[in-house]
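Need coordinates for the below:
(2 chains)
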Amino acid sequence: MKYVDEFRNNRVAQRLSEEIKSLARDREMTFMEVCGGHTIAIFKYGLRDFLPPGIHLISGPGCPVCVTPTGFIDRAVALSRRKEVIIATFGDMIRVPGSSSSLREEKAQGADVWVVYSAMDAIPVARDNPDKKVVFLGIGFETTAPTIAATILQADRLRLSNFFVLSTLKTMPNALKALLEGDDMGIQGFICPGHVSTITGLGIYEFIARDYGVPCVISGFEPTDILQTLYMLTRQVGDGVAKVESQYTRTVKREGNPLAQKTMMAVFEPCDMEWRGLGIIPGSGLKIRDEFVRFNALQHFDVEVEPTRQEPGCICGDVMRGAKTPLDCKLFKKTCTPANPAGACMVSEEGTCATYFKYT
Amino acid sequence: MKTDEKITLAHGGGGRLSRDFIKKVLLRYFGNPILSELQDSATFDLTGNRVAFTTDSYVVKPLFFPGGDIGKLAVAGTINDLAVVGAQPLYLSCGLIIEEGFELGQLERILGSMQETARKAGVKVVAGDTKVVEKKGADQLFINTAGIGLIRKDRCLSPVGPGIGDKIIINGGLGEHEAAVISSREGFDFETEVVSDCVPLNDLIQGILKVSPNVKWMRDPTRGGLAAILNELVEGKPFGIRIEEAQIPVKEAVKGICELLGFDPLYMVNEGKVVLVVAWEDADRVLKIMQKHPLGGESRIIGEIVPEPEGKVVLKTGVGGHRVVDMMVGEMLPRIC
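As a prediction, this is how the structure comes out:
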């Protein structure tokens, strides 16, 4: 397929592989791919076959479903039990286990749960069901936040009074900072998320290179994109420099997408946010501004949420920080499978555990 | 399963949960030597003949999609379940569950397409049943078909099971049925030229069995796709399978939909494809026969049975790396067939 096959070319990949090997020689290097999309690509295309044994890749906290805390799922479950509520959500969220239930189980018992492919698709659901209250589960990073913001603006224009967003939207910079502060893995470079950067631009990573001396390269998602990114990271490490570069120049602009940023910040403001595995990180979330408070499900609904309970033995949190791999987990492939996930990392396509399960 | 557990869509999805459900619940009640084989059709001796018998229910949504409709699917799907065990399909039953208020005109269109598909495949619908349920008691129309066929002694699968060195052959591109159905669903606002591959395969398969006594295994990659059937083949066996992405046919338009929606053709539903394991010495001959058939023009050898890793399917990716291909992870889109 045009504009895809070019990036999956075997000869280009081999050539990059040789370049990486000659730069790295037998040095040990550890790079983190922040985004779940990169984790998938690395496994799906078998990219580790192209790397010297000294280059280690660890997966980071860039899967939106995975970093969603259990308490958020519990709240969504509690809301779904209300007769007047329709939950509209991206499909993966349905299977994420909460403390004692999941949206899938609630759906089987009669809860009204709709899968939508974009936040905007929840608007007609609200319009066509005026006697119901539609709650969209706002998950994701700088990638989904602008479209969710645009959806709230649209609901505002349509004067919808039965549309709400339950937000656990997150932003990358402070999460990466928290990772580096608590870094016991010796991260020597970040493969930075391509889609987040399309919105934010390069600026959000500057402090990582400057203050922590860790190289950052924004990467596309095709096999030769990732290999080229690894080549660029290896070269920075070899040269003893740390800077922010973009490999994904065909999509990412230095300043990002200003319109999307403006839309996002018109509706949301920064807040402290809980990340599964990382705890509460200051200034790493987005909450709905007071101006749009009538769309905030957190304010509108007074529901009792059960106390949070985590599956004993689940190490999703450590996997999310890159401190452990799924292979270190006692539950992995035994009691925790995609059909019966113990933790969120096994649910999402982009989850590290699901990726290991599927491709190893 | 605990008794307070509820049935979810995943129990019918064709992935691991479905398989566990069949093994742990259904076989507990119905288990017998014939059923426990868990083939696409049951095969047994009846008054001196080897008979194949199967049933399948069709709940596809929407009822009409590019390349077919629920009626064509209900006839072709059951015929194919018979054909892949080596049977010549003969008779079908047709059970209709209709929601009150369903338009007669639409029903007749669907029945016409069943008639046409059955006629072309040389199969007769000889028994039937109609039930109408109240509004919302069912979604428009569900169809069940059961089928019976005969396995000729001179046209059956090799009694020697698959072994190392055998070749794996498919008759064409992956994913066309699923791509056609989802692209015609509400909520997917894009146009595509993909049409469902939904078609009876009995003529193609009988043609293969006529020339080669060395076809060792055959399946149609419906729910769970190619990945599911290859994994079922190697499960617990002292060999593995190696397939090459570069050799696996996938139409450009299907690739486009996969890129857009994050699907993998290896897991997508097909309704007009058959995958064969053929002894290596017969593989080229079988391939040529298949390529001459109208339903096999795109046939390819996509891989082979290898000594290791045992029990696993390994894919050589287009870019040149390797990865394990497991069964469906997570859920299929519901009501695709």
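
Pull up the residues of the stretch 151-300 of chain B that are close to chain A.
Residues of the stretch 151-300 of chain B lying near chain A by C-beta under 8 Å from any C-beta of the partner chain: B:G187, B:F188, B:E252, B:K255, B:G256, B:E259, B:G262, B:D264. From N, CA and C alone the C-beta is placed, and that goes for glycine too.

ok, now which ones touch B:I7?
Neighbour list for B:I7: A:A108 [criterion: C-beta atoms under 8 Å, 6 or more residues apart in numbering or on different chains].

And the residues of the stretch 151-300 of chain B next to chain A, which is closest to B:Y29?
Here the nearest of these to B:Y29, counting by C-beta to C-beta, is B:D264; it sits at 34.5 Å.

from the residues of the stretch 151-300 of chain B next to chain A, which single one is nearest chain A?
Using C-beta to the nearest C-beta, the shortest approach to chain A within these belongs to B:K255, at 4.7 Å.

For the closest one, which three-state class applies?
State at B:K255, reduced to three classes by DSSP: H, G, I helix; E, B strand; the rest coil: helix.

Neighbours of A:S161, how many?
Residues lying near A:S161 (other C-beta atoms under 10 Å in any protein chain shown) number 12.

Kindly apply the preceding question to B:E235 instead.
12.

For the closest residue to it other than its chain neighbours, give me its contacts.
Leaving out its chain neighbours, the residue that sits closest to B:E235 by C-beta to C-beta, 6 or more residues apart in numbering or on different chains is B:G311, at 6.2 Å. By C-beta under 8 Å, 6+ apart, the contact list for B:G311 reads B:V234, B:E235, B:G236, B:K237, B:G240.

if you set the cut-off to 10 Å instead, what comes out?
Applying C-beta atoms under 10 Å, 6 or more residues apart in numbering or on different chains, one finds that B:G311 lies in contact with B:N231, B:V234, B:E235, B:G236, B:K237, B:P238, B:F239, B:G240, B:I241.

Buried subset of the residues of the stretch 151-300 of chain B next to chain A, written for ChimeraX?
ChimeraX command restricting these to the buried ones, with burial defined by 16 or more other C-beta atoms under 10 Å in any protein chain shown:
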select /B:255,256,264
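
and the two most separated of the residues of the stretch 151-300 of chain B next to chain A?
When C-beta to C-beta is used, the two most widely separated members of these are B:G187 and B:E252, lying 23.6 Å apart.

ok, which stretches of chain A are strands?
A:29-35, A:55-62, A:85-89, A:112-115, A:133-138, A:163-167, A:189-192, A:216-218, A:244-246, A:268-275, A:279-288 (DSSP state E).

Quickly note the distance from A:M185 to chain B.
24 Å (C-beta to the nearest C-beta, to the nearest Å).

Give the burial count for that residue, as a bare number.
16.

Could you do B:R19 as well?
Neighbours of B:R19 using other C-beta under 10 Å come to 20.

host element of it?
Assigned by DSSP states H and E, B:R19 belongs to helix B:16-21.

Go through that helix and flag the buried ones.
Residues of helix B:16-21 classed as buried: B:R16, B:L17, B:S18, B:R19, B:F21 (neighbour count, 16+ other C-beta under 10 Å).

could you give me the average pLDDT of the next helix-or-strand element following it?
Next in sequence after helix B:16-21, counting helices and strands by DSSP H and E, comes helix B:27-30. Averaged over helix B:27-30, pLDDT sits at 96.

For stretch A:149-168, measure first residue to last.
For stretch A:149-168, the first-to-last residue distance is 13 Å (C-alpha to C-alpha, to the nearest Å).

what comes up buried for it?
A:149-152, A:155, A:160, A:162-168.

My read is that B:K210 contacts B:G86, right?
No. When contacts are counted by C-beta atoms under 10 Å, B:K210 is not listed as touching B:G86 (11.2 Å).

ok, back up a step: chain A next: which of the buried residues of helix B:16-21 are close?
The subset of those within reach of chain A, by C-beta under 10 Å from any C-beta of the partner chain, is B:R16, B:L17, B:S18, B:R19.

Point me to the residue sitting farthest from the middle of chain A.
Distance from the C-alpha centroid of chain A peaks at A:D131, with 33.5 Å (C-alpha atoms, centre = their mean).

quick one, what contacts that residue?
By C-beta under 10 Å, 6+ apart, the contact list for A:D131 reads A:E84, A:N162.

now A:D121: how far from chain B?
Per C-beta to the nearest C-beta, A:D121 is found 7 Å from chain B.

Correct me if wrong: that residue contacts A:G91.
No. A:D121 is beyond contact range of A:G91, at 11.7 Å (criterion: C-beta under 10 Å).

Between B:K210 and B:G86, tell me which one has more neighbours.
Higher neighbour count among B:K210 and B:G86: B:G86, with 24 against 12, using other C-beta under 10 Å.

where does the stretch 51-200 of chain A come near chain B, residue by residue?
So the stretch 51-200 of chain A meets chain B at A:51, A:91-92, A:94-95, A:102, A:104-109, A:114-118, A:121, A:124 (C-beta under 10 Å from any C-beta).

For the residue in the stretch 201-337 of chain B positioned nearest to chain A, list the residues it contacts.
As assessed by C-beta to the nearest C-beta, chain A sits closest to B:G321 within the stretch 201-337 of chain B, at 2.3 Å. Counting by C-beta under 10 Å, 6+ apart, B:G321 makes contact with A:10, A:13, A:17, A:42-51, A:223, B:245, B:315.

And for B:I182?
B:F65, B:F188, B:T192, B:V194, B:I257, B:L261, B:F263, B:M268, B:V269, B:L333, B:I336.

In helices only, show me the residues you listed.
Secondary structure from DSSP state H places B:I257, B:L261 of these in helices.

And the contacts of B:I182, which of them are buried?
B:F65, B:T192, B:V194, B:I257, B:F263, B:M268, B:V269, B:L333, B:I336.

I'd say A:L137 and A:I86 touch.
No. The criterion here is C-beta under 10 Å, and A:L137 misses it with A:I86 at 11.5 Å.

what sits in contact with each of the two?
Residues touching both A:L137 and A:I86 by C-beta under 10 Å, 6+ apart: A:L79, A:V113, A:A122.

Okay, and the beta partners of the second one?
Beta-bridge pairing of A:V113, defined through DSSP bridges, involves A:I87.

can I assume it is in contact with A:F90?
No. At 11.5 Å, A:V113 and A:F90 do not qualify as touching, with contact defined as C-beta under 10 Å.

sorry, back to before: Throw the contacts of B:I182 into TSV and include pLDDT, thanks.
Below are these laid out as TSV (pLDDT from 0 to 100):
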residue	pLDDT
B:F65	95
B:F188	70
B:T192	76
B:V194	92
B:I257	90
B:L261	83
B:F263	88
B:M268	94
B:V269	95
B:L333	71
B:I336	80
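
Span of stretch B:185-196 from start to end?
OK, stretch B:185-196 end separation, C-alpha to C-alpha: 13 Å.

Which one's more surrounded, A:L137 and A:I86?
Between A:L137 and A:I86, counted using other C-beta under 10 Å, the more crowded position is A:L137 (28 against 21).

now the most centrally placed residue in chain B, nearest residue through space, not along the chain?
Chain B has B:T222 as the residue nearest its centroid, 3.1 Å off, counting by C-alpha atoms, centre = their mean. In this structure, B:T222 finds its nearest non-sequential neighbour in B:V269, 5.6 Å apart by C-beta to C-beta, 6+ apart.

So B:L90: helix, strand or coil?
strand.

Assign the residue lying closest to it once chain neighbours are set aside to helix, strand or coil.
Distance criterion C-beta to C-beta, 6+ apart; nearest residue to B:L90, sequence neighbours excluded, is B:G149 at 5.3 Å. Secondary structure assignment for B:G149 (three-state DSSP): strand.

Can you get me a residue count around B:G149?
When neighbours are counted by other C-beta under 10 Å, B:G149 registers 26.

residues contacting it?
B:41, B:43, B:50-54, B:78-79, B:81-83, B:85-92, B:123, B:202.

rerun at 7 Å
The contact partners of B:G149, by C-beta atoms under 7 Å, 6 or more residues apart in numbering or on different chains, come to B:A52, B:L82, B:A87, B:Q88, B:P89, B:L90.

Thank you, goodbye.
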